[in-house]
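[1] okay, predicted coordinates and the sequence, questions at the end:
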Amino acid sequence: MPGLPPDGAPAPADGALPEHALSALSKAPFAIYLHVPFCAARCGYCDFNTYVLSAFGPDALTAYLSAVRRELDLAARVLGKVPKVTTVYFGGGTPSMLPVGEQAALLDAIRQRFPLAKNAEITTEANPESVSPMGLDMLAMAGFNRISFGMQSAVPKTLATLERNHTVGRVFEAVEWARKAGFRSVSLDLIYGTPGEAESDWRASVETALSMKPDHISAYSLTVEPGTRLAGRVASGELDAPDEDTLADYYTLADGLFDSVGLHPYEISNWARRGHQAKHNLVYWHSGNWWGIGPGAHSHVGGVRWWNLRHPRDYAQALEAGRSPAQAREELTPEQTHLERVMLGLRLAEGLAMGELTPAERKRVPELKKHGFAVVDADRLRLTLSGRLLADAIARDLVSV
Amino acid sequence: MTFRPLLYRCPLIDMTLKPGSTDPALIRNFCIIAHIDHGKSTLADRMLQLTGVVDERAMRAQYLDRMDIERERGITIKSQAVRMPWRKDGQDYVLNMIDTPGHVDFTYEVSRSLAACEGAVLLVDAAQGIEAQTLANLYLALEADLHIVPVLNKIDLPSAQPAKYAAEIAHLVGCDVADVFQVSAKTGEGVRELLDSLVELVPPPEGDRTAPARALIFDSVYDTYRGVVTYVRVVDGELSHRERVLMMSTQATHETLEVGVISPEPVKADSISVGEVGYLITGVKEVRQSRVGDTVTAASRPAKKGLAGYRQPRPMVYAGLYPIDGADFPELREALDKLQLNDAALSYEPETSGALGFGFRVGFLGLLHMEIVRERLEREFGLDLISTAPNVVYRVVLEDGAEVIVTNPSEFPEGKIAEVYEPVVRATILSPTDFIGTILELCQTRRGTQLGMDYLSSDRVEIRYLLPLSEIVFDFFDQLKSRTKGFASLDYDEAGEQASKLVKVDVLLNGEPVDAFSSIVHADAAYNYGVAMARKLKKLIPRQQFEVPIQAAIGARVIARETVRAVRKDVLAKCYGGDITRKRKLLEKQKEGKKRMKTVGRVEVPQEAFVAALSTSEES
């Protein structure tokens, strides 16, 4: 959840949702996201809604854990009878900042209130530095079956610029432990375009990551977010942010290397072996329904989007007072729904059904094909490699509303 | 408590010489020719004070300047000619001080005030010497047979060099150094003596009181409340209140609703008579109905022959003016209409540009006129404008003998051209002798032909050149100033036209010409122009999803080419649950931004790129 929350309309204190939104629950998969807004330290590039845990008092974790349970109660109350939960995702921040027992207990808390699908995908994110073989065993036993490690880079210089304190060796170990613990899917996060990262550095990171044989990789070009320490260092001239052409080259390089070992792109920044696509993230991209639990978490149910108060204290106070922790919400207009569908659909390898486009928008498709940005097959509009790199521009040009 | 009688003296009521019945032998009409900053306003203030027209308490610094601001806002009748009483040797006289327009390079406007006078004060800063524009106006005054009263001002300044500049002026005017007055308008030193001398030196007007009325219109101003106020110099006869008058050129008759003099506020009178300077109001609404240079006569007893008027000002420079926000087009039209009420020299026609949308092709007397009009449109009417590069008027003769007048480069005819004529000017440059070399070099590179060079004094020189007007309208003046550390001054006036090897250079984006960037340049300069323009645009045009060639071409021949490489990456890395709303809003905002882009040759160009490309560049 980078950046500041968007503007929206006030959310009702009881968190109630309109009938038409609730009725959508039966039509699409339902997911639960749980946000853990704590880290051991803030990384210089990060603008996520996360806080250094040690900066809070000793009761911070306890307060957070009970607030989260209260929100789960609220969600169960508001949603009423829900269809089975298809995916659960613990993200952060750093979920592995929570003792593994607490993570397991939170998953149980979800189970107590919501029915989980039998083969539900249950993911947690972890910092390679804060996992242990025993901890991973316990998580797997608790039901987590997918884990995503923040590897970021294999090059010490780049990790230092990102202010990440782990070593590459530790990632190897973490992956191995996770395999042994029985996680069905192991994913690695990579960042490219860190100031000072040469093409050879990036290639080394990709090759190192591939040598661990992950099932899934997310590779993100580094966005220098305003207000971060990194942005300050770039603005002062201490660091040089790479230009967009270099980033395009790095993307292309990685895409080729991933593809050669059977990791296929299924979203702009995500590659997976067959059967290992992140189902949870696909819920977002298919405009499915999900409830985001935790400070600053976003939710979407049937065309209503809302987002929680960002600060853990404000969040906990609202719930303690019996109010919804939502800060604001929006009900999507048909135009907004359409824009989102196009914008999200274009990011996916499966593409966008041509039927989603208006006749006027369909008239613009040949132009995209002419430039080699897109192909149409099986009546779906799909972006090519060069098109993926321009997905935002293409969405802007394509949508008429 | 003692009661003191009110001793406030209202000069006009008290004036023994009433408007309409003043013996011409007691009238002195004069103007002040001065460069900006040489102290004209201060001298005028001092005269108003000494003659008692404005009393001490009412006196504000630069009384006439206050008028200038009001005049610009169109709320007060501008003080064009101030009538001042002056007693010398026991005899009362009337001094009419006629304002020359503040913008001295409006030669045309200056000449009209000169025609209303018999004398001119040539006012020169004793620390700076005469400037080219002042010199040009001096020549106009000499041509008009005015008696010149040379005056050095600011003699109180430590840096004043009265002896040196007195010699320079004496040389120019052809008088003795001793005849050059030395005053300080600031302290008042010498001003009383100057007023006495004006009575002595400036010849009284000559005219026939009994002849049919003839009055020369030397200015015509639109006033929101009173309609058009016409300033006249009566040459023969008299014009009265509630009289039918005839405009001799248009043969239109109007009734004078009011006649009077300015002293320095308008003062109604029964009539104004031979030799006098005053105003009349007839209720017409447009200055064009009361044309400057026309002769006003009495409808009941019209004069047979009009006075020699002025030539109608002809636009010398054209530019396209476009609102940055296309929705402001009606406001721009309305603003131009309003300005024209007061500025007969302003001409405009709507035009459409593929790049800039709807706007006007506006004709100006010169660059300064253009700057003033543009500034007034932006300041007084709150408009944001883009102006295309100014161009002059070309006369193109085709092979079949047909003639095309080109006021917009994009209308330059294609092919079959026999000859192209461009306007030329006679330029006068005054400068310290140190800069002769650099000035000659500048004039040569601007296709100038030297006409002559004279030393005004041992260290000041007058250089005369024949130059194409188009070479001056761009940045000649700035170049001259910067190369001479600000010491050189420039004046120019029309000197006909010449045939030149001129070509139109088009700029093409993705193969399509951008009309706003077409320019007519000399064949020898076309290549440099094309290269510079293509380079500049390359920096300004954002990368598109495809490669965009920028070409400069003469006809079908490409003379310069640059390429804006295609953008390769425009996508945010992450788009998870919490990013969707923010990302959608960003997209919505970007789509809104797209609407403000102009599309030329399928290339999206932000308005700002056009503005920047058309601004006078550092490269030129």
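    Arrived safely, thanks for sending.
[2] quick check: mean pLDDT of stretch A:392-401?
    Throughout stretch A:392-401, pLDDT has a mean value of 86.
[3] same check on stretch B:84-103?
    In the prediction, stretch B:84-103 has an average pLDDT of 82.
[4] so residue A:271 versus residue A:261, what's the distance?
    10 Å (Cβ to Cβ, to the nearest Å). C-beta: built from backbone N, CA, C; applies to glycine.
[5] looking at these two, which has the bigger crowd around it?
    residue A:271 (26 against 15; other Cβ atoms under 10 Å in any protein chain shown).
[6] pull up the pairing partners for whatever helix or strand that one lives in, direction included.
    Applying DSSP states H and E as the criterion places residue A:271 in strand A:270-272. Strand A:270-272 has the following sheet partners, assigned by DSSP bridges: strand A:216-221 (antiparallel), strand A:264-267 (antiparallel).
[7] any chance of these in JSON lines with mean neighbour count as columns?
    Below are the strands paired with strand A:270-272 laid out as JSON lines (neighbours: other Cβ atoms under 10 Å in any protein chain shown):
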{"stretch": "strand A:216-221", "mean neighbour count": "24"}
{"stretch": "strand A:264-267", "mean neighbour count": "20"}
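[8] export those as CSV, with columns for mean pLDDT.
    Output for those, formatted as CSV (pLDDT from 0 to 100):
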stretch, mean pLDDT
strand A:216-221, 97
strand A:264-267, 98
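[9] those: which one's closest to residue A:358?
    strand A:264-267 (24.1 Å; Cβ to Cβ).
[10] burial count for residue 335?
    Looking at chain A here, since you left the chain open. Count around residue A:335 with other Cβ under 10 Å applied: 12.
[11] my bad, chain B
    22.
[12] assign a three-state SS to it, would you?
    Going by DSSP: H, G, I helix; E, B strand; the rest coil, the secondary structure assigned to residue B:335 is helix.
[13] quick check: it vs residue B:614, distance?
    20 Å.
[14] quick one: residues contacting residue B:415.
    residue B:555 (Cβ atoms under 8 Å, 6 or more residues apart in numbering or on different chains).
[15] quick check: closest non-adjacent residue to residue B:500.
    residue B:422 (5.2 Å; Cβ to Cβ, 6 or more residues apart in numbering or on different chains).
[16] picking up where we left off before, after the strand holding residue A:271, which helix or strand is next?
    Trace forward from strand A:270-272 with DSSP H and E and the next one is helix A:279-285.
[17] and residue 211, backbone torsions?
    All of this is about chain A. Dihedral pair for residue A:211: phi -70, psi -20, per degrees, to the nearest 10.
[18] that was the other one, I meant chain B.
    Dihedral angles (degrees, to the nearest 10) for residue B:211: phi -70, psi 160.
[19] surely it meets residue B:237?
    Yes - counting by Cβ atoms under 8 Å, residue B:211 touches residue B:237, with 5.4 Å between them.
[20] quick one: residue B:348 is in a helix?
    No - counting by three-state DSSP, residue B:348 is not found in a helix; it is strand.
[21] assess the claim that it and residue B:361 are in contact.
    Yes - counting by Cβ under 8 Å, residue B:348 does reach residue B:361; the two are 6.7 Å apart.
[22] so residue A:169: helix, strand or coil?
    Assignment for residue A:169 (three-state DSSP): helix.
[23] what about it, neighbour count?
    When neighbours are counted by other Cβ under 10 Å, residue A:169 comes out with 10.
[24] pull the distance from the longest strand that chain A contains to the chain's centre.
    Counting by DSSP state E, the longest strand found in chain A is strand A:116-126. Mean-position distance between strand A:116-126 and its chain equals 14 Å (Cα atoms, centre = their mean, to the nearest Å).
[25] by contact count, what packs against it?
    strand A:85-92, helix A:100-113, strand A:146-152, helix A:279-285 (3 or more Cβ pairs under 8 Å, 6 or more residues apart in numbering or on different chains; DSSP states H and E).
[26] pLDDT wise, what is residue B:610 at?
    For residue B:610, pLDDT reads 78.
[27] tell me, how many residues neighbour it?
    For residue B:610, using other Cβ under 10 Å, the count is 25.
[28] touching, it and residue B:598? I think so.
    Yes - Residue B:610 sits in contact with residue B:598 when judged by Cβ under 8 Å, with a separation of 7.0 Å.
[29] mutual contacts of the two, please.
    Shared contacts of residue B:610 and residue B:598, counting by Cβ under 8 Å, 6+ apart, come down to B:355-356.
[30] quick one on the thing from earlier: what does the longest strand of chain A contact?
    Against strand A:116-126 from outside (Cβ under 8 Å, 6+ apart): A:84-92, A:94-96, A:103, A:107, A:110, A:139, A:143-150, A:174, A:185, A:278-280.
[31] so for the longest strand seen in chain B, mean pLDDT?
    Of all segments of type strand in chain B, defined using DSSP E, the longest is strand B:417-432. For strand B:417-432, the mean pLDDT works out to 92.
[32] mind giving me the packing neighbours of that strand?
    Here strand B:417-432 touches helix B:132-143, strand B:394-398, helix B:436-445, strand B:460-468, helix B:469-473, strand B:489-499, going by 3+ Cβ pairs under 8 Å, 6+ apart.
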